[in-house]
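**Q** coordinates only, sequence not included:
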């Protein structure tokens with residue numbers, strides 16, 4: 001009876017602990033002594049947690065890039081339309097207004113290209129610790145110097161195009177501050193990764209910067225253009241900005257494909273995590289209803305044992321003879 005009492009008390013303690021913690025007190029029994037299986041579950045969940053962090057990082061990164069590209073496309077599209085409208089009007093007030101707007105938009109475009117997430121630049125390739133593009137004032141000052149001696153609209157367009165688009169030109173040497181190497185791929189799983197190769201030195205983005213700078217430089221004092229020449233330069237800039245919308249749309253479409261893959265990987269990872277957690281819980285998590293039922297049964301057994309013990313303690317020959 002003493003042994004039975006000890007056994008029941010042990011069961012009560014174990015069941016009470018299981019009910020309070022939600023975990024089985026004897027995991028080894030559930031695993032039949034094979035703890036390697038539990039180790040596989042834990043290792044798999046740990047790996048999925050790491051991939052989950054990488055997927056979240058990729059989602060935030062690509063979403064922010066997409067938002068920046070949307071801003072760039074909106075700015076360049078609106079400026080292109082305004083430049084063509086002002087050039088067609090041929091009046092000083094709207095032309096000067098668009099030139100001032102172009103200077104502001106040039107700064108806003110560079111600000112969008114220099115956006116970062118958690119201190120990591122998005123358009124600078126592998127050089128994520130600094131801005132992708134130099135300050136707008138610095139670039140416009142260098143362009144103004146490059147235009148020294150230009151006397152026609154064609155001269156201005158040629159020199160600005162050369163500064164932005166030529167290999168080894170001004171943009172590559174002093175305008176673009178990022179790396180020539182793209183950022184490392186985002187690992188979405190054991191055998192799955194996505195690449196983000198868009199940098200601020202992409203030809204589509206350089207062309208947008210070039211055409212915006214052309215509109216801003218129409219009012220540069222160093223070239224001293226008359227009203228007709230300003231209108232011609234704005235028309236060229238506007239045509240370039242509107243013509244570049246297709247390229248920006250293509251870039252955003254490519255990025256959208258990457259975002260879709262990231263989203264699909266996030267869903268798949270969630271399903272894998274749920275499956276592993278269910279399998280692990282099957283061997284380590286105690287069923288609260290089953291535990292409560294067993295606990296109640298053990299309590300009844302212990303109370304019955306106490307009752308029997310009390311009655312037996314009162315037994316004697318004298319009581320029996322009576």
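**A** Good, I have the coordinates. Nothing here was measured: the structure is a model prediction, and the numbers come from that model.
**Q** What sits closest to the residue nearest the centre of the chain if chain neighbours are left out?
**A** What sits nearest the mean C-alpha location of the chain, by C-alpha atoms, centre = their mean, is residue 60, with 1.8 Å. The shortest distance from residue 60 to any non-neighbouring residue, by C-beta to C-beta, 6 or more residues apart in numbering, is to residue 117 (5.8 Å). Any C-beta I mention is one placed from the backbone N, CA and C, and that applies to glycine too.
**Q** that older thread, okay, and the residue nearest to the centre of the chain sits in which element?
**A** helix 35-89 (DSSP states H and E).
**Q** beta partners for the residue nearest to residue 60?
**A** residue 120 (DSSP bridges).
**Q** Isn't it up against residue 61?
**A** Yes - contact criterion C-beta atoms under 8 Å: residue 117 and residue 61 qualify, at 6.0 Å.
**Q** The two: which is more packed in?
**A** residue 61 (20 against 14; other C-beta atoms under 10 Å).
**Q** Now do the contacts for that one.
**A** Counting by C-beta atoms under 8 Å, 6 or more residues apart in numbering, residue 61 makes contact with 117, 120, 122, 186, 196.
**Q** Distance of it relative to residue 195?
**A** 12 Å (C-beta to C-beta, to the nearest Å).
**Q** Return every residue with contacts to both of those two.
**A** Between them, residue 61 and residue 195 share the contacting residues residue 186, judged by C-beta under 8 Å, 6+ apart.
**Q** Checking residue 123 next. Helix, strand or coil?
**A** coil (DSSP: H, G, I helix; E, B strand; the rest coil).
**Q** And for it, the neighbour number?
**A** 26.
**Q** Roughly how far does it sit from residue 130?
**A** 11 Å.
**Q** which neighbours do these two share?
**A** residue 178.
**Q** hang on, the earlier thing: top of the contacts of residue 61 by number of neighbours, please.
**A** residue 122 (25 neighbours).
**Q** Give me the pLDDT value at that residue.
**A** With respect to pLDDT, residue 122 scores 94.
**Q** Pull out the buried residues from stretch 49-58.
**A** 51, 52, 54, 55, 57, 58 (16 or more other C-beta atoms under 10 Å).
**Q** Verify the stated contact: the fourth one with residue 268.
**A** Right, residue 55. No - counting by C-beta under 8 Å, residue 55 does not reach residue 268; the two are 9.5 Å apart.
**Q** and residue 108, what is it in contact with?
**A** So residue 108 contacts 71, 75 (C-beta under 8 Å, 6+ apart).
**Q** Show me which residues of the helix or strand hosting it are buried.
**A** Using DSSP H and E, residue 108 sits within helix 92-113. Using 16+ other C-beta under 10 Å as the test for burial, helix 92-113 gives 94-95, 98-99, 101-103, 105-110, 112-113.
**Q** same thing with stretch 152-166?
**A** Within stretch 152-166, judged by 16+ other C-beta under 10 Å, the buried ones are 153, 156, 157, 159, 160, 161, 163, 164.
**Q** Which of the residues you listed fall in helices?
**A** Of those, the ones assigned to helices by DSSP state H are 153, 156, 157, 159, 160, 161, 163, 164.
**Q** so what's the first one closest to, chain neighbours aside?
**A** It stands for residue 153. residue 232 (4.8 Å).
**Q** now swap in the third one and tell me
**A** Counting by C-beta to C-beta, 6+ apart, the nearest residue to residue 157 once its immediate chain neighbours are dropped is residue 236, at 6.0 Å.
**Q** Residue 47: neighbour count?
**A** Neighbours of residue 47 (other C-beta under 10 Å): 14.
**Q** That one and residue 269, how far apart?
**A** Distance from residue 47 to residue 269, by C-beta to C-beta: 10 Å.
**Q** again, but for residue 197
**A** Taken as C-beta to C-beta, the span from residue 197 to residue 269 is 24 Å.
**Q** now do residue 247
**A** Distance from residue 247 to residue 269, by C-beta to C-beta: 33 Å.
**Q** okay, these two: which has more neighbours?
**A** Neighbours were counted for residue 247 and for residue 269 using other C-beta under 10 Å; residue 269 has more, 19 against 16.
**Q** Now do the SS call for the more buried one.
**A** helix.
**Q** for it, what are its contacts?
**A** 48, 51, 52, 55, 188, 189.
**Q** one more time with 6 Å, if that's ok
**A** Contacts for residue 269 (C-beta atoms under 6 Å, 6 or more residues apart in numbering) come out as 48, 51, 52.
**Q** The first one: neighbour count?
**A** Right, the one you point to is residue 48. Residue 48 has 20 nearby residues by other C-beta under 10 Å.
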